[in-house]
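>>> Sequence first, then the predicted structure:
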Amino acid sequence: MEKTFLQTMYDFVGMPLRLVFLPDAANEKLRLTSLVQERISAVIPYIRGRLLDIGCGNNRLVRTYGDGLGVEVYDWGGGAQIVEDTSQLPFDNDTFDTVTLLASLNHIPDRDGIVRDAYRVLKPQGRLIITMIDPILGFIGHKIWWYSEDKERGMEEGEKDGLWNRDIIALCERYGFRLTVHKRFVYYLNNVFVFEA
């Protein structure tokens, strides 16, 4: 999913459209790289083995990667397994090689519970991959993105607009994860974290 120079330039010129004004589907119709495509491109190189994508939205990462399962509390379509609480996953211990939370950890009120349960369902030396923006950018984004998910389903108590890097790292380390990769993407506005169990 490596971008060509021409695509990179097209995305740069179209930055206001793709980062602020247009939803992902409209960006893709205009052949601009959508935010979901950016996230998937950022994490695919780090996924290995069987995948569990928590807060998977329309399950696009799992469909792109090809080996795994997505879970959601809200049905966005795409074949995700709907669960009542993502902090109490209905899977056996040591089931998955990789667990991902793409732009979703901030929308899970029981963040401690989900990280603890992600550790439980991961095989030894499994990977937890998280993408996240900071709370300031998230606050601005959730106010101006007329198409964002919070406009459709609302925000529950305990959800946040984004999370600080140090808080994500501390949370994951508290439950036994070790940070192995931290990179920025989308013009350094977004972060990808790769933790190992």
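Okay, I see it. Numbering: from 1, shown residues only.

>>> Which residue ranges make up each domain of this protein?
Domain ranges of the chain: 1-33, 45-196, per automatic domain parsing.

>>> Give the next helix or strand downstream of the lowest-mean-pLDDT helix or strand in the chain.
Using mean pLDDT, DSSP states H and E, helix 149-153 stands out as the lowest-scoring helix or strand of the chain, at a mean of 70. Once helix 149-153 ends, the next helix or strand along the chain (criterion: DSSP states H and E) is helix 165-174.

>>> I'd like the next helix or strand past that following helix.
The helix or strand immediately downstream of helix 165-174 is strand 178-185, counting by DSSP H and E.

>>> Test my guess that Val71 contacts Val83.
Yes. Here Val71 reaches Val83: they are 5.1 Å apart, a contact under CB atoms under 8 Å. C-betas here are computed from N, CA, C, even on glycine.

>>> And these two? Which one has more around it.
Val71 (19 against 15; other CB atoms under 10 Å).

>>> so that one sits in a strand?
Yes. When DSSP: H, G, I helix; E, B strand; the rest coil is applied, Val71 is found to be in a strand.

>>> If I look at Pro109, what pLDDT would I see?
If you check Pro109, the pLDDT there is 93.

>>> Now do the contacts for it.
Pro109 makes contact with 156-159, according to CB atoms under 8 Å, 6 or more residues apart in numbering.

>>> Name the single longest strand found in the protein.
Across the chain, the longest stretch assigned as strand under DSSP state E is strand 122-132.

>>> and the spatially most central residue of the chain, backbone torsions?
What sits nearest the mean C-alpha location of the chain, by CA atoms, centre = their mean, is Leu102, with 0.4 Å. Note on Leu102: its backbone torsions stand at phi -90, psi 110 [degrees, to the nearest 10].

>>> my read: it touches Asn58, true?
No. Using CB under 8 Å, Leu102 is not in contact with Asn58; the gap is 11.6 Å.

>>> surely Leu128 meets Val99?
Yes. If you go by CB under 8 Å, Leu128 and Val99 touch, sitting 5.1 Å apart.

>>> Quickly list what's touching both of the two.
Taking CB under 8 Å, 6+ apart as the contact criterion, the common neighbours of Leu128 and Val99 are 118, 122.

>>> ok, the two, which is more surrounded?
With neighbours defined as other CB under 10 Å, Leu128 and Val99 compare such that Val99 has more, 29 against 26.

>>> which residues does the more buried one bridge with?
Beta-bridge pairing for Val99 (DSSP bridges): Leu52, Leu128.

>>> Can you name the residues that contact it?
Residues counted as contacts of Val99 (CB under 8 Å, 6+ apart) are 51-54, 118, 121-122, 126-129.

>>> circling back: what touches both of Val71 and Val83?
Here Val71 and Val83 share the contacting residues Leu89, scored by CB under 8 Å, 6+ apart.
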